[in-house]
Each structure stands twice: as C-alpha cells, then as structure tokens.
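>>> Provide a 3D model corresponding to the input given below.
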Amino acid sequence: MNISKRSLRNVTAIAVIAAALAAAGCSTPPTRNQIGTAAGAVAGGVAGNVLFGGALGTVGGAAAGALVGNELTKHRR
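I've put the predicted structure just below:
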C-alpha cells in the first residue's frame, strides 16, 4: 500500500482542523468517556484505513472505534 505525501498531508490537515474545532467547542475539560471515545475513533479510523483502505474503511473504522472507546470508558456503578 503506497500512501502519497499529498494524501497524508490532506488527512493530517483534516485531523488538525477537526481537533481544533472540537477543542474550541469545549468550555470544560473533556470527561474520561469523551477522551475514550475520541481515542477509539482515531485508532479505529487508522485501523480501518490500513485494513480496508479508502474513505469508507476510514469512516467505518472510526465509527466502530468510537463505539468501542465509549463502551470501554463508561462509568460503571
């Protein structure tokens, strides 16, 4: 799998913009659950892109990763 420098630069730019927008919207520090969801989405997006390639693999992986990250960091009573 050969990732071009331009593709990598575009993905990086989108990730930085999304992170900046998400951070700008937070008036309080993120909860443990929010951090877990975001980390899961990032890891899932990377894994989905590597395994399946393309935008659909990335988005599907990010969605699945977000669900897993959310479930793993839920506060258990």
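
>>> Helices of this structure, start to end?
5-24, 32-52, 54-72 (DSSP state H).

>>> Compute the inter-axis angle for the last one and helix 5-24.
With axes from the mean of the first three to the mean of the last three CA atoms, to 10 degrees applied, the angle from helix 54-72 to helix 5-24 works out at 40 degrees.

>>> what angle sits between helix 54-72 and helix 32-52?
150 degrees.

>>> Return the residues in contact with residue 40.
65-70, 72 (CB atoms under 8 Å, 6 or more residues apart in numbering). Backbone N, C-alpha and C define where each C-beta goes, glycine included.

>>> how much space between it and residue 54?
Using CB to CB, to the nearest Å, residue 40 is found at 20 Å from residue 54.

>>> likewise residue 44?
Residue 44 is 15 Å from residue 54, by CB to CB.

>>> Same question for residue 62.
Counting by CB to CB, the gap from residue 62 to residue 54 is 13 Å.
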